[in-house]
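K.L.:
any chance you could fold what I've pasted below:
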Amino acid sequence: MKNTKIFILTILIILALSVTVFANEADSLSSLLQYDKVMQTLDGVEAYFREITTNINSGNIEYGKYIKYAYRFSLISSIVSTITSILVGVLMYAIFKNYFNNLEKTLEDLIGKYILVGIGTLTATPIIILLLIISILGIPVGLLMSVVYGFLIYICPMVTGIILGKRVFTSQSEYIQVGLGILVVKILLIVPFINTIAWFACVLFTMGSAILTGYNKLSKRN
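P.N.:
I've put the predicted structure just below:
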């Protein structure tokens, strides 16, 4: 049963990553529309930004169209990314409901440990991965750790959103709680200045809770 859950979740994550990549490509296309005249040389960059200034001062309509398309693609990619995160988060909660319920119950007692372990994991893991890859023999382990590390970073808004939703939107049904919680986190991640703090909070909490939960389970088995 556990293997089936893991398999289903893996397929869902792959699909979600595919949609997210598509959204990012749309965002990249918007940047391309806006900056397609930028050359690789410093002279080209300087000339381009000089042209931007001229277009802004003269109220050039064509330049305005580029900006409009850029914002449009950016908005679409953000909406697609948010919807994808909510769907994946709801499915994660449905599959691992007991894990998230236990995590929510122990939040007040262990939040400090989660953050501390998260800080250690966030800073130490890249160093360990680099050392493993340099050692040649440790390349397979280093690559596996890279995948797990990237996976945890990808799901951190969803994990944090699930717990936030269960804590804040208590009057709603559990799946509405999850969806609203993830939506709030995704909005915070696009607000200037706040997004950096929100991102670190999500990553530290997710990594810390995952590592501590895994460690506790292994300790009980031994």
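K.L.:
dump the residue contacts of residue 133.
P.N.:
By C-beta atoms under 8 Å, 6 or more residues apart in numbering, the contact set of residue 133 is 139, 142-143. For every residue, glycine as well, the C-beta is placed using N, CA and C.
K.L.:
mind running it again at 10 Å?
P.N.:
Residues in contact with residue 133 (C-beta atoms under 10 Å, 6 or more residues apart in numbering) are 139-143, 145-146.
K.L.:
one more: residue 178?
P.N.:
86, 89-94, 97, 100, 158, 161-166, 169, 172.
K.L.:
burial check on residue 141, number of neighbours?
P.N.:
14 (other C-beta atoms under 10 Å).
K.L.:
same thing with the one 3 residues further on?
P.N.:
As a burial measure, the neighbour count of residue 144 was computed by other C-beta under 10 Å and equals 12.
K.L.:
surely it and residue 125 touch.
P.N.:
No. Counting by C-beta atoms under 10 Å, residue 125 is not a contact partner of residue 144; they are 11.8 Å apart.
K.L.:
what's the weakest-modelled helix or strand in the protein?
P.N.:
Lowest by mean pLDDT, DSSP states H and E among the helices and strands of the chain is helix 2-35, with a mean of 46.
K.L.:
low-scoring stretches of the chain, by residue?
P.N.:
Across the chain, residues meeting the criterion (pLDDT under 70) sit at 1-73, 222.
K.L.:
now the helices for it?
P.N.:
Counting by DSSP state H, one finds helices in the chain at the ranges 2-35, 42-58, 61-95, 97-105, 107-134, 139-168, 174-188, 194-221.
K.L.:
buried ones in the shortest one?
P.N.:
Of the residues in helix 97-105, those with enough neighbours to count as buried (16 or more other C-beta atoms under 10 Å) are 99-100, 103.
K.L.:
now what about that helix, what contacts it?
P.N.:
89, 92-94, 96, 110, 114, 159, 162-167, 174, 178, 205, 209-210, 212-213.
K.L.:
whichever of those residues end up buried, select them in PyMOL.
P.N.:
Entered in PyMOL, the line below selects the buried ones among the contacts of helix 97-105, by 16+ other C-beta under 10 Å:
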select buried, resi 89+92+93+96+110+114+159+162+163+164+165+166+174+178+205+209+210+212+213
